[in-house]
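K.L.:
no letters, just coordinates:
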């Protein structure tokens, strides 16, 4: 069941990223739409991975057996995202130190 959650979140995130941005409207509406389409897909994947990791890999959800594969996939995504966050933090600190 967790794999289904991850799959649907991934499909939704990819489909939102594929939406072309129309250039009609005011700058404010275009900016808000662009910001939403830029930030929502990664945040959706991150929140889904956090939810799956908090629920664990034992038990039954809606009659479906919860597996270890989806838990490992979610934890791997969280570790990868944490690694990228730490890497960006150190790059920012190094850049501030040199200037």
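P.N.:
Nice, I can see it. If you're wondering where the values come from, they're calculated on a predicted model, not measured in any experiment.

K.L.:
what are the buried residues along the strand or helix carrying residue 87?
P.N.:
Taking DSSP states H and E as the definition, residue 87 sits inside helix 68-98. For helix 68-98, the neighbour count (16 or more other Cβ atoms under 10 Å) marks 70, 71, 73, 74, 77 as buried. For glycine as for every other residue, the C-beta is placed from the backbone atoms N, C-alpha and C.

K.L.:
from the contact counts, what lies against that helix?
P.N.:
On a contact count with 3 or more Cβ pairs under 8 Å, 6 or more residues apart in numbering; DSSP states H and E, helix 68-98 meets helix 2-17, helix 27-55.

K.L.:
between those helices, which gets nearest to residue 97?
P.N.:
Residue 97 lies closest, by Cβ to Cβ, to one member of the helices and strands packed on helix 68-98: helix 27-55, at 28.1 Å.

K.L.:
and the closest one, what's buried?
P.N.:
Judged by neighbour count using 16+ other Cβ under 10 Å, the buried positions of helix 27-55 are 41, 44, 45, 48, 49, 52, 53, 55.

K.L.:
over to stretch 55-70?
P.N.:
55, 57, 66, 70.
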